[in-house]
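Engineer: missing the sequence, but the structure's below:
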């Protein structure tokens, strides 16, 4: 990573910045920076955060390192208008100091449904049922015109909604954020509420409800507010002295850029496709080496990206099966049967390949359609070539002589010599043949041809 530093005396403060969805690249940037901060003896790490959420695995990797950090971490949601939504809320709760700028917000931490689709139905805690009034009160005074309505059974409170898997995911998220809230001494009830009900709070209300610690205008005000504060870290406590600071902004390096590029689902998808087609080209036309080398490199990069992303293995299996059928069509032409099945499997697998509904972590529909169209075009080309080859006449080998023209080199009756395909052959005929007569080859047996006079000769 690149460290932009100005030598000065005082506390060493590193400033990191995550702007956008939390994924493998941002998690790697944060974790490596925090580890380097410990080695460099940094006094405080400030994480400037503006995120709509991100991947669960990346978020948990960041929180594990954050909870075990021996360097205090202050997560600061800024600038004005920024947010710490979904995964950002968990990171805020796990930070040693949670601060927000005015006109920012935090919350909306309900997990996105597994396999895409609508958000998970939220399991509601059982609610006490109101006591039913006595029969005479419920019936009223018996006056005309009064009606009673019965609430539908589906609307009764206290009944868990969603499948068992939905409730399992939500309850796991609730237990996780409650544990972090208890560890940091923050509002446990609201932590559960933001998961179950997707609650959201602006900065001032978050401060009032003990969700965060500070509301500050800028970084200087944050450091001034933390001066003299005692922070509990892993293995003890540390008292901050931020009256005189050496502030260093840690910029992402080439590794962050590379991870951010290949961890893009669209790029990972294209790498896989290019890799597979490169190998198919190499096997179909061996010897060049370009397709094989490019295919292996792209496949390895695509596989590395997939292990960092939430992959739906059923979708991946369908993509592999589809590509396998297309390869089978290329090498053992079935006149489109295998190819058509491969295109269908490829399209369905591509649509469900990534197991998330998060923005930025789904393959673009136009890219899927373009790759499917290219794949279908390949199938049409291969099947058409096979059909043309099947219909075309034989142009080489012994079978190419059948129906060919032959010229008698001598007069003979029964057996003699003829010239066919530029060569002299021993020929048999069912009748007398004159020298120079034009004949037609009807069959071949070894080095002997069977001929008969041409009808138009």
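Structural biologist: Thanks, I have it. Since this is a predicted model, take the numbers as computed values, not measurements.
Engineer: Quick check: residue 246 touching residue 14?
Structural biologist: No. With contact defined as CB atoms under 8 Å, residue 246 does not reach residue 14; the gap is 9.5 Å. Yep, even glycine has a C-beta here, placed from its N, CA and C like the rest.
Engineer: Spit out the residues that contact those two alike.
Structural biologist: Counting by CB atoms under 8 Å, 6 or more residues apart in numbering, residue 246 and residue 14 have no contacts in common.
Engineer: who does the helix or strand harbouring residue 258 touch, helix- and strand-wise?
Structural biologist: Per DSSP states H and E: residue 258 is located in helix 254-262. Judged by 3 or more CB pairs under 8 Å, 6 or more residues apart in numbering; DSSP states H and E, helix 254-262 is in contact with helix 24-40, helix 265-284, helix 290-306.
Engineer: rank the ones you listed by mean pLDDT and give me the bottom one.
Structural biologist: When these are compared by mean pLDDT, helix 265-284 comes last with a mean of 82.
Engineer: what's the angle from it to helix 290-306?
Structural biologist: For helix 265-284 against helix 290-306, the angle by axes from the mean of the first three to the mean of the last three CA atoms, to 10 degrees is 150 degrees.
Engineer: Surely residue 211 touches residue 95?
Structural biologist: No. With contact defined as CB under 8 Å, residue 211 does not count as touching residue 95 (11.8 Å).
Engineer: For the two, indicate the residue with more neighbours.
Structural biologist: A direct count of neighbours by other CB atoms under 10 Å for residue 211 and residue 95 places residue 95 higher, at 28 against 23.
Engineer: Assign residue 168 to helix, strand or coil.
Structural biologist: Assigned with DSSP: H, G, I helix; E, B strand; the rest coil, residue 168 falls in the helix class.
Engineer: How many residues are close by it?
Structural biologist: 14.
Engineer: Kindly present the helices and strands packed on helix 254-262 as CSV, with separate columns for mean neighbour count and distance to residue 74.
Structural biologist: Output for the helices and strands packed on helix 254-262, formatted as CSV (neighbours: other CB atoms under 10 Å; distance: least, CB to CB, whole Å):
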stretch, mean neighbour count, distance to residue 74
helix 24-40, 20, 12
helix 265-284, 19, 32
helix 290-306, 17, 32
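Engineer: Redo these as JSON lines? Include distance to residue 48.
Structural biologist: Shown next, in JSON lines, are the helices and strands packed on helix 254-262 (distance: least, CB to CB, whole Å):
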{"stretch": "helix 24-40", "distance to residue 48": "11"}
{"stretch": "helix 265-284", "distance to residue 48": "26"}
{"stretch": "helix 290-306", "distance to residue 48": "27"}
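Engineer: Which among these is found nearest to residue 402?
Structural biologist: helix 265-284 (30.8 Å; CB to CB).
Engineer: now what about that closest one, what contacts it?
Structural biologist: Under CB under 8 Å, 6+ apart, the answer for helix 265-284 is 261-262, 288-303, 305-306, 309, 319, 323, 326-327, 330-331, 350, 353-354, 361-364, 367-368, 371.
Engineer: Stretch 412-426 now?
Structural biologist: Contacts for stretch 412-426 (CB under 8 Å, 6+ apart): 400-401, 404-410, 427-429, 431-433, 439, 441, 447-449, 451.
Engineer: could you redo the last one with a cut-off of 7 Å?
Structural biologist: The contact list for stretch 412-426 (CB atoms under 7 Å, 6 or more residues apart in numbering) reads 401, 404, 406-410, 427-429, 432-433, 439, 441, 447-449, 451.
Engineer: model confidence over that stretch, on average?
Structural biologist: On average, stretch 412-426 scores 85.
Engineer: how long is that stretch from one end to the other?
Structural biologist: 11 Å (CA to CA, to the nearest Å).
Engineer: what distance separates the start and the end of stretch 194-204?
Structural biologist: One end of stretch 194-204 to the other measures 16 Å (CA to CA).
Engineer: Check which residues of it are buried.
Structural biologist: Neighbour-count burial for stretch 194-204 flags 194-196, 199-203 (criterion: 16 or more other CB atoms under 10 Å).
Engineer: where in the stretch 1-150 of the chain is pLDDT low?
Structural biologist: Low-confidence segments of the stretch 1-150 of the chain (pLDDT under 70): 1-10, 112-150.
Engineer: picking up where we left off before, can you flag which of the buried residues of stretch 194-204 belong to helices?
Structural biologist: Among these, the members found in helices (DSSP state H) are 194-196, 203.
Engineer: and which of those is nearest to residue 74?
Structural biologist: residue 203 (14.8 Å).
Engineer: Please name the nearest non-neighbouring residue to the closest one.
Structural biologist: Computed as CB to CB, 6 or more residues apart in numbering, the closest residue to residue 203 that is not its neighbour in sequence is residue 100, at 4.0 Å.
Engineer: for the one you found, what are its contacts?
Structural biologist: 77, 106, 203, 206, 212, 215 are the contacts of residue 100 under CB under 7 Å, 6+ apart.
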